[in-house]
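# Structure, please.
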Amino acid sequence: MLTNRQLFLQHLAQTSDAPMLLEVEKAEGVFLYDNKGKKYFDLISGISVSNIGHCHPKVVEAVKNQVEKYMHLMVYGEYIQSPQVELAQLLTSLLPKNLSSVYFTNSGSEANEGALKLAKRYTQRTEIVAFKNAYHGSTHGALSIMGNEYFKQSFRPLLSEIRFLEFNNFIDIEQITEKTACVIVEPIQGEAGAVCPEPGFLQSIRNKCNATGTLLIFDEVQTGFGRTGYLFAYQKYNVVPDILTIAKGMGGGMPIGAFISSKEIMNSLSYNPVLGHITTFGGHPVSAAAAIANIKVILDENLISTVEEKEKLFKQNLDKNFISDINGCGLLLSVNLNSEILVKKLIKEGLKAGFITDWFLFNDCRFRLAPPLTISNQQILESVNLINVALGKIRQSK
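Residues are numbered from 1 along each chain as shown. From the prediction side, this is the model:
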(Lines give C-alpha, C1' and ligand atoms only; values in the text may rest on other atoms or scores of the structure.)
Protein backbone atom coordinates (compact mmCIF):
# COMPACT_ATOMS: atom_id res chain seq x y z
CA MET A 1 0.00 0.00 0.00
CA LEU A 2 1.29 3.44 -0.91
CA THR A 3 2.00 5.94 1.86
CA ASN A 4 0.37 9.38 2.04
CA ARG A 5 3.71 10.83 0.99
CA GLN A 6 3.81 8.66 -2.13
CA LEU A 7 0.17 9.39 -2.95
CA PHE A 8 0.77 13.11 -2.44
CA LEU A 9 3.62 13.10 -4.94
CA GLN A 10 1.73 10.89 -7.37
CA HIS A 11 -1.68 12.58 -7.45
CA LEU A 12 -1.35 16.18 -6.24
CA ALA A 13 -0.09 18.61 -8.85
CA GLN A 14 3.33 19.83 -7.80
CA THR A 15 4.52 23.42 -8.21
CA SER A 16 8.14 22.80 -7.25
CA ASP A 17 10.60 19.92 -7.30
CA ALA A 18 11.20 20.21 -3.56
CA PRO A 19 7.98 20.39 -1.51
CA MET A 20 8.47 20.46 2.27
CA LEU A 21 6.56 17.15 2.63
CA LEU A 22 5.57 17.84 6.23
CA GLU A 23 2.58 15.60 6.98
CA VAL A 24 0.41 17.52 9.42
CA GLU A 25 -1.97 15.60 11.65
CA LYS A 26 -3.25 18.49 13.77
CA ALA A 27 -2.85 22.25 14.19
CA GLU A 28 -3.67 24.26 17.28
CA GLY A 29 -2.67 27.76 18.34
CA VAL A 30 0.88 28.50 17.16
CA PHE A 31 1.76 24.83 16.66
CA LEU A 32 1.54 22.21 13.94
CA TYR A 33 1.79 18.51 14.83
CA ASP A 34 3.00 15.93 12.34
CA ASN A 35 1.83 12.35 11.90
CA LYS A 36 4.38 11.19 14.49
CA GLY A 37 3.23 13.68 17.11
CA LYS A 38 6.18 16.06 16.73
CA LYS A 39 5.39 19.71 17.49
CA TYR A 40 6.49 22.65 15.35
CA PHE A 41 6.31 26.40 15.98
CA ASP A 42 4.47 27.82 12.98
CA LEU A 43 6.39 31.05 12.43
CA ILE A 44 4.76 31.87 9.08
CA SER A 45 1.03 31.38 9.81
CA GLY A 46 0.46 29.61 6.50
CA ILE A 47 1.87 32.80 4.90
CA SER A 48 0.09 35.40 7.03
CA VAL A 49 -3.24 33.54 7.17
CA SER A 50 -3.69 32.17 10.69
CA ASN A 51 -3.47 35.53 12.48
CA ILE A 52 -5.30 34.22 15.55
CA GLY A 53 -3.62 30.83 15.46
CA HIS A 54 -4.85 27.51 14.17
CA CYS A 55 -8.30 26.16 15.01
CA HIS A 56 -9.27 29.01 17.30
CA PRO A 57 -12.28 27.71 19.30
CA LYS A 58 -14.49 30.68 18.37
CA VAL A 59 -13.79 30.23 14.67
CA VAL A 60 -14.42 26.48 14.90
CA GLU A 61 -17.70 27.13 16.71
CA ALA A 62 -18.79 29.68 14.09
CA VAL A 63 -18.03 27.24 11.28
CA LYS A 64 -19.98 24.42 12.96
CA ASN A 65 -22.96 26.66 13.62
CA GLN A 66 -23.12 27.91 10.04
CA VAL A 67 -22.66 24.47 8.48
CA GLU A 68 -25.79 23.33 10.30
CA LYS A 69 -27.81 26.22 8.82
CA TYR A 70 -26.73 26.30 5.18
CA MET A 71 -23.70 26.26 2.94
CA HIS A 72 -23.68 27.29 -0.73
CA LEU A 73 -27.07 28.52 -1.92
CA MET A 74 -26.57 30.63 -5.04
CA VAL A 75 -23.90 32.51 -6.96
CA TYR A 76 -22.62 35.62 -5.23
CA GLY A 77 -24.88 38.65 -4.90
CA GLU A 78 -28.31 37.17 -5.62
CA TYR A 79 -29.60 35.99 -2.24
CA ILE A 80 -29.46 37.80 1.07
CA GLN A 81 -27.22 35.63 3.23
CA SER A 82 -26.86 36.85 6.79
CA PRO A 83 -23.15 35.91 7.27
CA GLN A 84 -22.24 38.02 4.22
CA VAL A 85 -24.36 40.95 5.38
CA GLU A 86 -22.98 40.85 8.92
CA LEU A 87 -19.39 40.55 7.71
CA ALA A 88 -19.76 43.43 5.25
CA GLN A 89 -21.30 45.58 7.96
CA LEU A 90 -18.50 44.71 10.38
CA LEU A 91 -15.76 45.44 7.85
CA THR A 92 -17.18 48.77 6.72
CA SER A 93 -17.67 49.86 10.35
CA LEU A 94 -13.88 49.56 10.72
CA LEU A 95 -13.04 51.45 7.52
CA PRO A 96 -13.27 55.07 6.27
CA LYS A 97 -16.55 56.27 4.75
CA ASN A 98 -15.25 55.95 1.18
CA LEU A 99 -14.73 52.21 1.71
CA SER A 100 -18.37 51.30 2.22
CA SER A 101 -19.16 48.67 -0.40
CA VAL A 102 -17.74 45.13 -0.25
CA TYR A 103 -17.41 42.53 -3.00
CA PHE A 104 -16.49 39.15 -1.52
CA THR A 105 -14.13 36.79 -3.35
CA ASN A 106 -12.43 33.46 -2.70
CA SER A 107 -8.85 34.68 -2.45
CA GLY A 108 -6.44 37.58 -2.61
CA SER A 109 -5.67 36.94 -6.27
CA GLU A 110 -9.35 37.16 -7.15
CA ALA A 111 -9.73 40.29 -5.02
CA ASN A 112 -6.95 41.96 -7.00
CA GLU A 113 -8.42 40.78 -10.31
CA GLY A 114 -11.74 42.36 -9.34
CA ALA A 115 -10.06 45.58 -8.21
CA LEU A 116 -8.26 45.96 -11.56
CA LYS A 117 -11.48 45.41 -13.48
CA LEU A 118 -13.31 47.87 -11.26
CA ALA A 119 -10.70 50.58 -11.79
CA LYS A 120 -10.72 50.17 -15.57
CA ARG A 121 -14.52 50.11 -15.68
CA TYR A 122 -14.99 53.17 -13.49
CA THR A 123 -12.27 55.39 -15.00
CA GLN A 124 -12.71 54.16 -18.59
CA ARG A 125 -8.90 54.12 -18.77
CA THR A 126 -6.60 51.24 -19.64
CA GLU A 127 -3.13 51.89 -18.19
CA ILE A 128 -2.25 50.22 -14.88
CA VAL A 129 0.70 51.22 -12.73
CA ALA A 130 2.32 48.61 -10.49
CA PHE A 131 5.70 48.21 -8.80
CA LYS A 132 8.82 46.16 -9.35
CA ASN A 133 9.10 43.22 -6.91
CA ALA A 134 5.37 43.42 -6.18
CA TYR A 135 3.33 40.28 -5.66
CA HIS A 136 -0.45 40.35 -6.16
CA GLY A 137 -1.24 36.72 -6.96
CA SER A 138 -0.67 34.23 -9.76
CA THR A 139 -3.86 34.34 -11.82
CA HIS A 140 -3.49 35.86 -15.27
CA GLY A 141 -4.33 39.47 -14.47
CA ALA A 142 -2.53 39.40 -11.12
CA LEU A 143 0.49 37.85 -12.84
CA SER A 144 0.50 40.76 -15.28
CA ILE A 145 1.11 43.22 -12.43
CA MET A 146 3.66 41.01 -10.67
CA GLY A 147 6.93 42.90 -10.56
CA ASN A 148 9.23 39.96 -11.22
CA GLU A 149 9.97 38.65 -14.69
CA TYR A 150 11.18 35.18 -13.67
CA PHE A 151 7.73 34.05 -12.50
CA LYS A 152 5.84 35.46 -15.50
CA GLN A 153 8.16 35.00 -18.49
CA SER A 154 6.70 31.63 -19.48
CA PHE A 155 3.09 32.85 -19.51
CA ARG A 156 3.26 35.79 -21.88
CA PRO A 157 1.43 37.46 -23.51
CA LEU A 158 -0.17 39.00 -20.42
CA LEU A 159 -2.19 42.18 -19.93
CA SER A 160 -0.87 45.12 -21.93
CA GLU A 161 -0.39 48.71 -20.78
CA ILE A 162 1.23 47.85 -17.46
CA ARG A 163 3.81 50.38 -16.26
CA PHE A 164 6.22 49.34 -13.49
CA LEU A 165 7.74 51.85 -11.08
CA GLU A 166 10.46 51.45 -8.46
CA PHE A 167 9.10 51.16 -4.94
CA ASN A 168 10.29 54.10 -2.81
CA ASN A 169 11.40 56.07 -5.89
CA PHE A 170 9.69 59.46 -5.60
CA ILE A 171 10.73 60.55 -9.10
CA ASP A 172 8.97 57.54 -10.69
CA ILE A 173 5.65 58.76 -9.28
CA GLU A 174 5.61 61.40 -12.02
CA GLN A 175 4.89 58.59 -14.52
CA ILE A 176 1.32 58.43 -13.19
CA THR A 177 -0.81 60.44 -15.66
CA GLU A 178 -4.36 61.18 -16.76
CA LYS A 179 -4.13 57.97 -18.81
CA THR A 180 -3.62 55.83 -15.70
CA ALA A 181 -6.69 53.92 -14.51
CA CYS A 182 -5.15 52.82 -11.23
CA VAL A 183 -2.01 52.43 -9.18
CA ILE A 184 -1.86 49.14 -7.29
CA VAL A 185 0.64 48.93 -4.46
CA GLU A 186 1.35 46.90 -1.35
CA PRO A 187 1.79 49.35 1.56
CA ILE A 188 4.60 47.03 2.62
CA GLN A 189 6.07 44.92 -0.17
CA GLY A 190 5.67 41.36 1.11
CA GLU A 191 7.54 39.03 -1.21
CA ALA A 192 10.27 41.59 -1.84
CA GLY A 193 11.30 40.88 1.74
CA ALA A 194 8.90 42.99 3.85
CA VAL A 195 10.08 46.31 2.40
CA CYS A 196 8.49 49.30 4.15
CA PRO A 197 7.75 52.59 2.38
CA GLU A 198 9.96 55.60 2.89
CA PRO A 199 8.32 58.44 4.84
CA GLY A 200 5.92 60.30 2.56
CA PHE A 201 6.13 57.81 -0.33
CA LEU A 202 2.56 56.50 -0.12
CA GLN A 203 1.22 60.00 0.49
CA SER A 204 3.02 61.21 -2.64
CA ILE A 205 1.32 58.46 -4.65
CA ARG A 206 -2.02 59.48 -3.13
CA ASN A 207 -1.44 63.12 -4.07
CA LYS A 208 -0.51 62.22 -7.66
CA CYS A 209 -3.57 59.99 -7.99
CA ASN A 210 -5.76 62.83 -6.74
CA ALA A 211 -4.23 65.19 -9.28
CA THR A 212 -4.69 62.81 -12.24
CA GLY A 213 -8.05 61.24 -11.35
CA THR A 214 -6.36 57.86 -10.90
CA LEU A 215 -7.71 55.28 -8.47
CA LEU A 216 -5.34 54.09 -5.76
CA ILE A 217 -5.53 50.39 -4.86
CA PHE A 218 -3.88 49.12 -1.68
CA ASP A 219 -3.21 45.39 -1.72
CA GLU A 220 -3.44 44.50 1.96
CA VAL A 221 -3.81 40.78 1.39
CA GLN A 222 -0.69 40.09 3.46
CA THR A 223 -0.57 43.18 5.68
CA GLY A 224 -4.20 43.15 6.80
CA PHE A 225 -5.87 42.17 10.06
CA GLY A 226 -3.31 43.29 12.58
CA ARG A 227 -0.07 41.98 11.15
CA THR A 228 1.67 45.37 11.06
CA GLY A 229 0.46 46.53 14.47
CA TYR A 230 -2.58 48.20 12.91
CA LEU A 231 -5.76 46.56 11.68
CA PHE A 232 -4.68 47.65 8.19
CA ALA A 233 -1.34 49.10 7.11
CA TYR A 234 -2.96 52.14 5.47
CA GLN A 235 -3.73 53.30 9.02
CA LYS A 236 -0.05 53.11 9.93
CA TYR A 237 0.85 55.43 7.06
CA ASN A 238 -2.31 57.57 7.25
CA VAL A 239 -3.09 57.17 3.55
CA VAL A 240 -6.56 56.00 2.48
CA PRO A 241 -6.92 54.13 -0.84
CA ASP A 242 -9.86 54.24 -3.25
CA ILE A 243 -9.97 50.43 -3.35
CA LEU A 244 -8.75 48.06 -0.64
CA THR A 245 -8.06 44.37 -1.27
CA ILE A 246 -7.95 41.86 1.59
CA ALA A 247 -7.81 38.09 2.14
CA LYS A 248 -5.32 35.79 3.97
CA GLY A 249 -5.74 36.82 7.65
CA MET A 250 -9.43 37.54 7.15
CA GLY A 251 -11.03 34.12 7.48
CA GLY A 252 -9.35 32.52 10.48
CA GLY A 253 -8.05 29.79 8.17
CA MET A 254 -11.06 29.63 5.83
CA PRO A 255 -10.79 30.82 2.21
CA ILE A 256 -12.18 34.32 1.67
CA GLY A 257 -11.13 37.67 0.26
CA ALA A 258 -12.69 40.96 -0.79
CA PHE A 259 -12.21 44.19 -2.68
CA ILE A 260 -13.80 47.23 -1.08
CA SER A 261 -14.55 50.67 -2.47
CA SER A 262 -17.20 53.39 -2.42
CA LYS A 263 -20.77 52.64 -3.41
CA GLU A 264 -20.39 54.97 -6.40
CA ILE A 265 -17.31 53.24 -7.75
CA MET A 266 -18.56 49.73 -7.01
CA ASN A 267 -21.91 50.36 -8.71
CA SER A 268 -20.13 50.63 -12.05
CA LEU A 269 -19.92 46.82 -12.08
CA SER A 270 -23.73 46.59 -12.11
CA TYR A 271 -24.37 47.98 -15.59
CA ASN A 272 -22.81 48.16 -19.05
CA PRO A 273 -22.45 45.25 -18.66
CA VAL A 274 -24.68 43.88 -15.96
CA LEU A 275 -22.80 41.33 -13.84
CA GLY A 276 -19.50 43.15 -14.34
CA HIS A 277 -17.80 40.68 -12.01
CA ILE A 278 -19.04 37.19 -11.23
CA THR A 279 -18.05 34.57 -8.68
CA THR A 280 -19.81 31.38 -7.61
CA PHE A 281 -18.32 30.81 -4.17
CA GLY A 282 -17.18 34.33 -3.24
CA GLY A 283 -18.25 35.14 0.31
CA HIS A 284 -19.18 31.53 1.03
CA PRO A 285 -21.43 31.64 4.12
CA VAL A 286 -19.21 29.30 6.14
CA SER A 287 -16.11 31.35 5.33
CA ALA A 288 -18.00 34.56 6.10
CA ALA A 289 -19.08 33.21 9.50
CA ALA A 290 -15.47 32.24 10.23
CA ALA A 291 -14.27 35.69 9.20
CA ILE A 292 -16.73 37.39 11.55
CA ALA A 293 -15.49 35.30 14.46
CA ASN A 294 -11.87 35.86 13.44
CA ILE A 295 -12.17 39.65 13.31
CA LYS A 296 -14.05 39.78 16.61
CA VAL A 297 -11.28 37.77 18.30
CA ILE A 298 -8.66 40.22 16.97
CA LEU A 299 -10.66 43.16 18.29
CA ASP A 300 -12.08 41.71 21.52
CA GLU A 301 -8.77 40.23 22.67
CA ASN A 302 -6.93 43.41 21.70
CA LEU A 303 -4.31 41.38 19.85
CA ILE A 304 -3.10 44.33 17.78
CA SER A 305 -1.89 46.18 20.89
CA THR A 306 0.65 43.40 21.56
CA VAL A 307 2.21 43.31 18.10
CA GLU A 308 4.82 46.06 18.59
CA GLU A 309 6.16 44.45 21.76
CA LYS A 310 6.37 41.08 20.03
CA GLU A 311 8.20 42.63 17.09
CA LYS A 312 10.79 44.03 19.53
CA LEU A 313 11.23 40.63 21.19
CA PHE A 314 12.10 39.01 17.87
CA LYS A 315 14.46 41.80 16.88
CA GLN A 316 16.20 42.00 20.26
CA ASN A 317 16.74 38.27 20.75
CA LEU A 318 17.82 37.03 17.32
CA ASP A 319 21.58 36.49 17.47
CA LYS A 320 23.20 39.41 15.62
CA ASN A 321 26.31 37.31 15.00
CA PHE A 322 24.36 35.24 12.48
CA ILE A 323 22.17 37.83 10.71
CA SER A 324 22.78 41.06 8.78
CA ASP A 325 19.56 43.00 9.30
CA ILE A 326 15.81 42.67 9.81
CA ASN A 327 13.25 44.31 7.50
CA GLY A 328 9.54 44.82 8.01
CA CYS A 329 7.38 45.80 10.92
CA GLY A 330 5.02 44.22 13.41
CA LEU A 331 4.81 40.47 12.84
CA LEU A 332 5.78 40.66 9.18
CA LEU A 333 9.56 40.46 9.38
CA SER A 334 12.33 39.34 7.04
CA VAL A 335 15.72 38.32 8.39
CA ASN A 336 18.74 38.70 6.13
CA LEU A 337 21.28 35.87 5.93
CA ASN A 338 22.87 37.21 2.71
CA SER A 339 22.68 33.73 1.22
CA GLU A 340 19.98 31.69 -0.51
CA ILE A 341 21.86 28.52 0.45
CA LEU A 342 21.86 29.43 4.15
CA VAL A 343 18.14 30.21 4.08
CA LYS A 344 17.38 26.82 2.54
CA LYS A 345 19.59 25.13 5.12
CA LEU A 346 17.79 26.99 7.91
CA ILE A 347 14.41 25.86 6.64
CA LYS A 348 15.56 22.23 6.67
CA GLU A 349 17.24 22.59 10.05
CA GLY A 350 14.05 24.20 11.35
CA LEU A 351 12.05 21.11 10.54
CA LYS A 352 14.49 19.05 12.54
CA ALA A 353 14.50 21.52 15.44
CA GLY A 354 10.75 22.08 15.54
CA PHE A 355 10.05 25.41 13.84
CA ILE A 356 8.76 26.44 10.43
CA THR A 357 9.96 29.37 8.36
CA ASP A 358 10.38 29.99 4.64
CA TRP A 359 11.90 32.37 2.10
CA PHE A 360 10.49 35.32 0.15
CA LEU A 361 9.66 34.85 -3.52
CA PHE A 362 11.70 37.82 -4.70
CA ASN A 363 14.33 37.84 -1.96
CA ASP A 364 15.52 34.35 -1.15
CA CYS A 365 18.44 35.52 0.99
CA ARG A 366 15.94 36.34 3.75
CA PHE A 367 13.74 34.12 5.88
CA ARG A 368 10.23 34.97 7.03
CA LEU A 369 8.92 35.57 10.54
CA ALA A 370 5.16 36.04 10.49
CA PRO A 371 3.71 33.99 13.37
CA PRO A 372 0.13 34.19 14.62
CA LEU A 373 -0.60 37.39 16.55
CA THR A 374 -1.53 35.11 19.44
CA ILE A 375 2.03 33.91 19.96
CA SER A 376 3.03 34.59 23.57
CA ASN A 377 6.19 36.38 24.66
CA GLN A 378 7.47 33.13 26.14
CA GLN A 379 6.79 31.27 22.89
CA ILE A 380 8.69 33.95 20.99
CA LEU A 381 11.72 33.49 23.24
CA GLU A 382 11.53 29.70 22.90
CA SER A 383 11.24 29.83 19.11
CA VAL A 384 14.01 32.43 18.77
CA ASN A 385 16.28 30.20 20.83
CA LEU A 386 15.60 27.35 18.41
CA ILE A 387 16.37 29.67 15.49
CA ASN A 388 19.63 30.88 17.04
CA VAL A 389 20.81 27.33 17.69
CA ALA A 390 19.90 26.33 14.13
CA LEU A 391 21.70 29.39 12.72
CA GLY A 392 24.80 28.40 14.70
CA LYS A 393 24.70 24.91 13.24
CA ILE A 394 24.34 25.97 9.62
CA ARG A 395 27.03 28.64 9.96
CA GLN A 396 29.43 26.02 11.30
CA SER A 397 28.60 23.68 8.41
CA LYS A 398 29.42 26.22 5.69
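# Pro96 contacts Asn238, doesn't it?
No: Pro96 is beyond contact range of Asn238, at 11.1 Å (criterion: Cβ atoms under 8 Å). The way it works is simple: take the backbone N, C-alpha and C, and place the C-beta from them, glycine included.
# And those two? Which one has more around it.
Neighbours were counted for Pro96 and for Asn238 using other Cβ atoms under 10 Å; Pro96 has more, 13 against 9.
# Find me the pLDDT at that one, would you?
Pro96 carries a pLDDT value of 98.
# From Lys120, how far out is it?
Look at Pro96 and Lys120: by Cβ to Cβ, to the nearest Å, they are 23 Å apart.
# before we move on, what about Glu349?
According to Cβ to Cβ, Glu349 stands 47 Å off from Lys120.
# Same check on Asn317?
47 Å.
# Next: Thr3.
Distance, Thr3 to Lys120, by Cβ to Cβ: 49 Å.
# now the helices: where do they sit in the stretch 251-398 of the chain?
Counting by DSSP state H, counting those that start in this stretch, the stretch 251-398 of the chain has these helices, from start to end: 263-266, 285-300, 307-317, 340-353, 377-396.
# Now do the buried residues in the longest one.
So the one you mean is helix 377-396. For helix 377-396, burial by neighbour count (16 or more other Cβ atoms under 10 Å) applies to 379-380, 383-384, 386-388, 390-391, 394.
# ok, now the third one?
Of all the residues in helix 307-317, those buried under the rule 16+ other Cβ under 10 Å are 307, 310-311, 313-315.
# Helix 377-396 and that one, what's the angle between them?
Counting by axes from the mean of the first three to the mean of the last three Cα atoms, to 10 degrees, helix 307-317 points 30 degrees away from the direction of helix 377-396.
# What is helix 307-317 packed up against?
Helix 307-317 sits against strand 326-329, strand 332-336, helix 377-396, with contacts defined as 3 or more Cβ pairs under 8 Å, 6 or more residues apart in numbering; DSSP states H and E.
# Between the ones you listed, which one is closest to Phe362.
Closest to Phe362 of these is strand 332-336 (Cβ to Cβ; 10.8 Å).
# who does the closest one pair up with?
Within its sheet, strand 332-336 is paired with strand 326-329 (antiparallel), strand 363-369 (antiparallel), according to DSSP bridges.
# Point out the most buried one among those strands.
Here the criterion is mean neighbour count by mean count of other Cβ atoms under 10 Å, and of the strands paired with strand 332-336 the winner is strand 363-369, at a mean of 23.
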